[in-house]
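Peer 1: Have a look at this prediction, sequence included:
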Number of protein chains: 2
Amino acid sequence: MTRGRPIAYSPDDALAAALRVFWASGYEAASTRRLLDAMQLSRSSLYQAFGNKEQLFLAALRCYRETLMARLERRLAAAPTARHFLEALFFETAGEASGEQAALGCLIFNSATELGRRDDAPAREARDSVAAITAVFRRAVERGQAEGSIAPGREPDALARYLTLGMAGLRTLIKSGTAPEEARQAAALVLEGLD
Amino acid sequence: MTRGRPIAYSPDDALAAALRVFWASGYEAASTRRLLDAMQLSRSSLYQAFGNKEQLFLAALRCYRETLMARLERRLAAAPTARHFLEALFFETAGEASGEQAALGCLIFNSATELGRRDDAPAREARDSVAAITAVFRRAVERGQAEGSIAPGREPDALARYLTLGMAGLRTLIKSGTAPEEARQAAALVLEGLD
DNA sequence: CCTTTTCTGGAACGAACGATACAAAAATGG
DNA sequence: CCATTTTTGTATCGTTCGTTCCAGAAAAGG
């Protein structure tokens, strides 16, 4: 059936490596040179497998988004209450403030800030991904209000946007050098808004 | 006393023009070509007057920071209560969400997000500027708690970081396409944290 | 083994990058 | 008007950018 030489690299691993580079450098600042080094494949393979830099970034961002969304959904489903889910999420993010991982921030918020309201595919994908995060928060709020772990009365949409604001702000705070304990305090104040 | 040909441009105006370019594009993405076009001077003049791109950015960021700090201090001093100051600040930021100006965000938060924890002068200046914003918020909180417009009991430092988080998050929300009214709702929830 | 298919490495593309060098133009003080 | 000082425009530097192309290596099926 299939003829010819099979690919020697794992497209998934290569995409994961590209993702790390975009994560650390941002879209524009990630050069193809550094991408190639990290992905460990030749220029030809990159362009044949992923098209160009923009499409590679789109694939990486979508991969990041899907992985993140799956993890959030799973953790929300497994949490005893929606409130527990949100507290664990915010406190863990704050707690990793000093780590190398957290210094990178979140690829989605990074991209949204870098690309802003540009009219190209990467910028649109970044905005859509922020909206997807807000959508998960809305489901969490709806569940929390139904089960009583989050104060009722407030619009779930508004509260969800507030939580997205909180997470984005927390990441900016961490990127600005805020220590874990200080970030945790600020996150706790955000969570008080659920009462 | 002074001899020779006087400069034909205003260094302040040129710096202001450069600031707008950095504001719209970010540090790395702002090319010298676009800077020159905006500043309306020749390459030679730019490098003689400002040194290089990094120093030009530092000068622009410091100018932005000083202007911002002066405005914040002035508005805080003029406000009937610290609470009024914070409400006006957050609601005005949210209200301009659809405007062209707000789409640019805040140069300080933009730079902090772009440069992260890099070990060079621009990144350090960006982090310091975020800290300066937090310092203003702390003074506002102290005054608010003293006069009764902000709930006492909470640490001013923690509440100040919470407000910085709130403003940074609000700007990210706006950059992600959130409409003014929705941004206003989210900002209102942040301000409830002062009760 | 040999054909076919695909991957791979490296050279090369034009364009843009930040930065520098140099000569000509301009406007001042004397 | 002249000498001096500084600006200004342009040409150019070497580097890096994203991308394309092509010849050769490699591994499958027949």
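Peer 2: Thanks, I have it. Since the model is a prediction, treat every value here as computed from it, not as a measurement.

Peer 1: residue of chain A with the smallest distance to chain B?
Peer 2: A:G169 (2.8 Å; Cβ to the nearest Cβ). Where C-beta positions appear, they are placed from N, C-alpha and C, glycine not excepted.

Peer 1: quick one: the helices in chain A?
Peer 2: In chain A, the helices defined using DSSP state H lie at A:11-25, A:32-39, A:43-50, A:53-78, A:82-95, A:100-103, A:107-115, A:121-147, A:156-175, A:180-192.

Peer 1: The residue of chain A closest to chain B - nearest residue in space that isn't next to it in sequence?
Peer 2: Distance criterion Cβ to Cβ, 6 or more residues apart in numbering or on different chains; nearest residue to A:G169, sequence neighbours excluded, is B:G169 at 2.8 Å.

Peer 1: And the one you found, what's its pLDDT?
Peer 2: Note on B:G169: pLDDT of 98.

Peer 1: now do A:A97
Peer 2: On the pLDDT scale, A:A97 gets 78.

Peer 1: Same question for A:T67.
Peer 2: On the pLDDT scale, A:T67 gets 97.

Peer 1: so how far is A:E73 from it?
Peer 2: Distance of A:T67 to A:E73, given as Cβ to Cβ, to the nearest Å: 11 Å.

Peer 1: who touches both of those two?
Peer 2: Jointly contacting A:T67 and A:E73 under the rule Cβ atoms under 8 Å, 6 or more residues apart in numbering or on different chains is no residue at all.

Peer 1: what's around A:A151, how many residues?
Peer 2: The number of residues packed near A:A151 is 12, by other Cβ atoms under 10 Å in any protein chain shown.

Peer 1: Below-threshold pLDDT in chain A: ranges please.
Peer 2: Along chain A, segments meeting pLDDT under 70 span A:1-4.

Peer 1: chain center to stretch A:20-31: distance?
Peer 2: Centroid separation for stretch A:20-31 versus its chain: 14 Å, with Cα atoms, centre = their mean, to the nearest Å.

Peer 1: Let me know how buried A:A77 is, in neighbour terms.
Peer 2: What A:A77 shows, counting by other Cβ under 10 Å, is a neighbour count of 9.

Peer 1: Can you tell me how far it is from A:R71?
Peer 2: Using Cβ to Cβ, A:A77 is found at 11 Å from A:R71.

Peer 1: Up against DNA strand C, what does chain A have?
Peer 2: Applying Cβ under 7 Å from any atom of the strand, we find that chain A lies next to DNA strand C at A:3-9, A:41-45, A:48-49.

Peer 1: Write the PyMOL selection for whichever of these are buried.
Peer 2: Entered in PyMOL, the line below selects the buried ones among the residues of chain A next to DNA strand C, by 16 or more other Cβ atoms under 10 Å in any protein chain shown:
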select buried, chain A and resi 41+45+49
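
Peer 1: Which members of the residues of chain A next to DNA strand C are the farthest-apart pair?
Peer 2: Among the residues of chain A next to DNA strand C, the pair separated by the greatest distance (Cβ to Cβ) is A:R3 and A:R43, at 24.3 Å.
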